[in-house]
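Asks: sharing a model prediction with you, sequence too.
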Amino acid sequence: MTRLFGVAGSPVFQSKSPFMFNAAFRDLGIDAIYVRLAASSAKEVMATAHDVGLQGFNVTSPFKTEIMDYLDDAEDDARKIGAVNTVVRKGGRFVGYNTDVEGVRGAVASHGLNLMRTKAVVLGAGGAARAAALALRSAGARVVIVNRTHDKARDAAERLECEALPFGQLADAMADASLLVAAVSSHERIVDPSLLARRLVVLDANYGRPSALVEDVARLGCGAMDGREWLLAQAIPAFTLFTGRRAPENVMRRALWKRRMDARSSLALIGFMGSGKSVVAEELAALAGMPVVDIDKKIEEKAGMPIAEIFHRNGEEVFRRMEQAEIDELRNVARHVVSCGGGAVLARPNVRVLRNNCLSVWLWANAALCLDRIGSTETRPLLSGSDPESSARDLLRSRIPYYAATCDFVVSTEGKTPAEIARRIWHEVHHAFAS
Ligand code: S3P
């Protein structure tokens, strides 16, 4: 059975973890898929991970601390830091780890930096910042934590036996520091360039779009550690926690450093019948200012009859051929919101077209909720047997790997209105569609 893993956060679409983990699974012949999970709270992360059946997942901002309330256990470093970036399902229990400590150690090692008796400044006081503080202190540095909300810096410093200074005293903190680690979510300029001495080495946890800090550091000629070294070095132990196998480091490094051009301009919604694709597509289209293509509706229009009747008269195979022809048309459209039928991802050619032309979002709902939303199963020929509930459950289970392999991220629809779901999706992807 295909095992599922993932990374949960908000936003999470920018995460490059799936590239590393999926490349590693392929390399070692492990039947597993790693997805992104876009959530609005740690509680939702846990519920969705449980329902979808994730065997393990990484946690990114802003849930690294909050997730701890929902775990059954956490190892020592995680508890000391008060944050978790890796969760492993052991039997029915969820256990938290913090491999960010290894991540920062790895980044420092890749730069050949000796921190013994040096001073390091950590900017931020969240989960990633606290893991960095612990790693730097254990490498022999004197660590000063500086954060906009000083109380948080003080708490973190107490917990980790570091020092804390108010944000207003950043200049004092930086005076004789040899390393600055920034673990704040903002991309805006928060460190005045006048504080960036040439002897300083800077590590910014943001490894995607360059932050103002990364740009300033490059311009001023300070030392720069690549944030991807941190990402890679925390993923390696996480991979072993997930699979029990040694991580293929070079494969993961190549996948992480690979340049990817993304010319996809449409958004596709995939997921089981009743997951809300059609209604969410309308809401999302309004937010994005794009027209909707509803694949099932197009098929019905062309056939001049409802889908149940196509199945009844011509059989599923004829329907699938029509579906494939409509999906193939997506190669010729740009900037549309596409609502796919629940089985569209079963055919490889469809997956190829979707992956090349659309950013795909998997709408998650469990089988009971899907059935509840569908109401009468008469319009859904695949569920019209004598026991729709167990058919829905089995069919959904068998399809989870297909949705997982096709999607760019998954979002739970449970307890959310279509407008809320659309807003969550748009929050994730609007950068990619800014013209
Ligand atoms: C199907 C789902 C339906 C429709 C057809 C087949 C499926 O679409 O395409 O009944 O195989 O799951 P919805 O997902 O919109 O219900």
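Replies: Everything's here; your move. Numbers count the residues shown, from 1 in each chain.
Asks: was I right about residue 69 contacting residue 46?
Replies: No: counting by Cβ atoms under 8 Å, residue 46 is not a contact partner of residue 69; they are 9.1 Å apart. The way it works is simple: take the backbone N, C-alpha and C, and place the C-beta from them, glycine included.
Asks: higher neighbour count, those two?
Replies: Neighbour count, other Cβ atoms under 10 Å: between residue 69 and residue 46, residue 46 has more, with 21 against 9.
Asks: what about the closest residue to the ligand within the stretch 51-200 of the chain, neighbour count?
Replies: Going by Cβ to the nearest ligand atom, the ligand is nearest to residue 52 of the stretch 51-200 of the chain, at 17.3 Å. Applying other Cβ under 10 Å, we find 20 residues neighbouring residue 52.
Asks: just list the residues touching residue 395, thanks.
Replies: Listed by Cβ atoms under 8 Å, 6 or more residues apart in numbering, the contact partners of residue 395 are 272, 382, 383.
Asks: low pLDDT regions in the chain?
Replies: In the predicted model, the chain carries pLDDT under 70 at residues 435.
Asks: which positions in it make contact with the ligand?
Replies: 273, 277, 296, 307, 341, 342, 343, 380, 381, 382 (Cβ under 6 Å from any ligand atom).
Asks: and the residues you listed, which two are the farthest apart?
Replies: Farthest-apart pair in the residues of the chain next to the ligand is 277 and 381; separation 17.3 Å (Cβ to Cβ).
Asks: which one's more surrounded, those two?
Replies: Set side by side, residue 277 and residue 381 show more neighbours around residue 277, with 28 against 18, by other Cβ under 10 Å.
Asks: give the contact list for that one.
Replies: Taking Cβ under 8 Å, 6+ apart, we find residue 277 in contact with 269, 270, 271, 339, 340, 342, 363.
Asks: which among those gets closest to the ligand?
Replies: The ligand lies nearest to residue 342 out of the contacts of residue 277, by Cβ to the nearest ligand atom, at 2.6 Å.
Asks: residue contacts, the closest one?
Replies: 271, 272, 273, 275, 277, 399.
Asks: those residues: which two are farthest apart?
Replies: Greatest spacing in these, by Cβ to Cβ: 277 and 399 (13.5 Å).
Asks: remind me, longest helix of this structure?
Replies: In the chain, with assignment by DSSP state H, the single longest helix is helix 388-406.
Asks: which positions in that helix come out as buried?
Replies: Buried residues in helix 388-406, counted by 16 or more other Cβ atoms under 10 Å: 388, 391-393, 395-396, 399-406.
Asks: give me the number of residues near residue 91?
Replies: Neighbour number of residue 91 under other Cβ under 10 Å is 7.
Asks: bridged to the residue nearest to residue 275 when sequence neighbours are not counted, which residues?
Replies: Nearest residue to residue 275, sequence neighbours excluded (Cβ to Cβ, 6 or more residues apart in numbering): residue 363, at 4.1 Å. For residue 363, the beta-bridge partners under DSSP bridges are residue 411.
Asks: going forward can the numbers begin at 33, since that is how I track them
Replies: Got it, first residue is 33 now, which makes that one residue 395.
Asks: what's near enough to touch residue 395?
Replies: 301, 302, 303, 307, 308, 309, 312, 442, 443, 445, 453.
Asks: show me the contact partners of stretch 234-241.
Replies: Contact with stretch 234-241 is made by 46, 48, 136, 139-140, 160, 164, 211-215, 217, 219, 228, 243, 245-246, 249, 254-260, 262-263, as judged by Cβ under 8 Å, 6+ apart.
Asks: so which of those sit within strands?
Replies: Among those, the ones falling in strands (DSSP state E) are 211, 212, 213, 214, 255, 256, 257.
Asks: OK, contacts around the second one?
Replies: With contacts defined as Cβ under 8 Å, 6+ apart, residue 212 is in contact with 152, 153, 155, 206, 223, 232, 233, 234, 235.
Asks: closest to residue 196 out of the residues you listed?
Replies: Closest to residue 196, out of all of the contacts of residue 212 and judged by Cβ to Cβ, is residue 153, at 10.8 Å.
Asks: quick check: residue 421 touching residue 401?
Replies: No: counting by Cβ under 8 Å, residue 401 is not a contact partner of residue 421; they are 11.6 Å apart.
Asks: that older thread, ok, the contacts of residue 395 vs residue 64, which is closest?
Replies: Among the contacts of residue 395, and counting by Cβ to Cβ, the member closest to residue 64 is residue 442, at 15.3 Å.
Asks: what's the neighbour count on the closest residue to the closest one other than its chain neighbours?
Replies: Using Cβ to Cβ, 6+ apart and skipping residues adjacent in sequence, the residue nearest residue 442 is residue 394, 4.1 Å away. When neighbours are defined as other Cβ under 10 Å, residue 394 has 29 of them.
Asks: residue 246 versus residue 256, what's the distance?
Replies: 7 Å (Cβ to Cβ, to the nearest Å).
Asks: of these two, give the one with the bigger neighbour count.
Replies: residue 246 (20 against 16).
Asks: OK, contacts around that one?
Replies: 234, 236, 238, 256, 259.
Asks: what's the PyMOL line that selects buried ones from those residues?
Replies: Restricted to buried positions by 16+ other Cβ under 10 Å, the PyMOL selection for the contacts of residue 246 reads:
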select buried, resi 234+236+238+256+259
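Asks: tell me the two of the contacts of residue 246 that are most distant?
Replies: Farthest pair in the contacts of residue 246 (Cβ to Cβ) is 238 and 256. Separation: 12.4 Å.
Asks: hey, what's residue 176 bridged with?
Replies: residue 153, residue 195.
Asks: residue 182 is in contact with residue 198, correct?
Replies: Yes: taking Cβ under 8 Å as the definition, residue 198 is a contact partner of residue 182 at 4.6 Å.
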